[in-house]
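> let's see this in three dimensions:
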Amino acid sequence: METEVLAAASEIDFSIWALFLRATVVVQLVMIMLFAASIWVWAILIQKVVQFRRARTRAAAFDRAFWSGEPLDELYDQIGDSPKSASERIFAAAMREWSRSHRDDGGLITGTQSRIDRTMDVAISKERDRLTSGLTFLATIGSTAPFIGLFGTVWGIKHAFEQIAISQNTNLAVVAPGIAEALLATGIGLVAAIPAVIFYNKLSRDSDRILGNYEAFADEFATILSRQLDAA
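Residues are numbered from 1 along each chain as shown. The predicted structure is shown next:
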């Protein structure tokens, strides 16, 4: 009898595709959702790696131009109305406010320094939104995917026990397929969640470093403009 049960179990296809096809509709939907989430997690990683690398490269190029000794007005004219990098957008926003703060007689309107500071803060806030877009999704998947997979597992095990009750048979050939299908949902949930958590932590640190550089530049630029205001 035991030999017959083992022989019957060995004939069952336990490949991932076969387990998916044998699962209930609810478990299949859970698997599809988690698989799609996993693909999206990797897509966000690739997009963010490219975005952060471009941001660092452009920031370094702008820093070289900014500290080259070239007059700020000329640098602003070169950038024009379409700044390409985040650093250029922060610089251009401050320079626009600087230009608007001049009166017709050449003097400066009261409160120029505070307005420039607020302008750069707003520009940095917009860059923060660009850099951190998608990270909330990673955090959500990292925290919820294991539980979504667990839901699929519980549902699959419930279905397996129903099949046992219907067939009045508890041998391995009856129990194993249903349990394996159920556990696959948890496995896919972990496959989606673990990279999401790792990528979220890594990308959050990288975005904080980049934003820290933007804030440092804004502080340095504000100091330069403050000297000019005091000298005016």
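> secondary structure element for residue 127, which one?
helix 112-132 (DSSP states H and E).
> average pLDDT for the helix or strand that that helix is followed by?
Using DSSP H and E, the helix or strand that follows helix 112-132 towards the C-terminus is helix 135-167. Helix 135-167 shows an average pLDDT of 87 in the prediction.
> cool, stretch 51-60 as well?
So the average pLDDT for stretch 51-60 ends up being 93.
> tell me, how many residues neighbour residue 224?
Residue 224 has 12 neighbours, counted by other Cβ atoms under 10 Å. To be clear about C-beta, it is placed using only N, CA and C from the backbone, and glycine gets the same treatment.
> run a quick neighbour tally on the residue lying closest to it once chain neighbours are set aside.
Nearest residue to residue 224, sequence neighbours excluded (Cβ to Cβ, 6 or more residues apart in numbering): residue 72, at 7.8 Å. Number of residues near residue 72 (other Cβ under 10 Å) recorded here: 16.
> assign residue 84 to one of the three secondary structure states.
Using DSSP: H, G, I helix; E, B strand; the rest coil, the structure places residue 84 in coil.
> dump the residue contacts of it.
residue 58 (Cβ atoms under 8 Å, 6 or more residues apart in numbering).
> coming back round to it: for the residue nearest to residue 224, give its distance to residue 137.
Note on residue 72: its distance to residue 137, by Cβ to Cβ, to the nearest Å, is 39 Å.
> do residue 97 as well
34 Å.
> list the contacts of stretch 125-138.
40-41, 44, 47-48, 51-52, 55, 86, 89-90, 196-197, 199-200, 203-204, 207, 210-211, 214.
> the protein: helices as residue ranges?
2-10, 16-22, 25-66, 72-79, 86-100, 112-132, 135-167, 172-231 (DSSP state H).
> tell me the most buried of these?
Greatest average neighbour count among the helices of the chain goes to helix 86-100 (a mean of 20), per mean count of other Cβ atoms under 10 Å.
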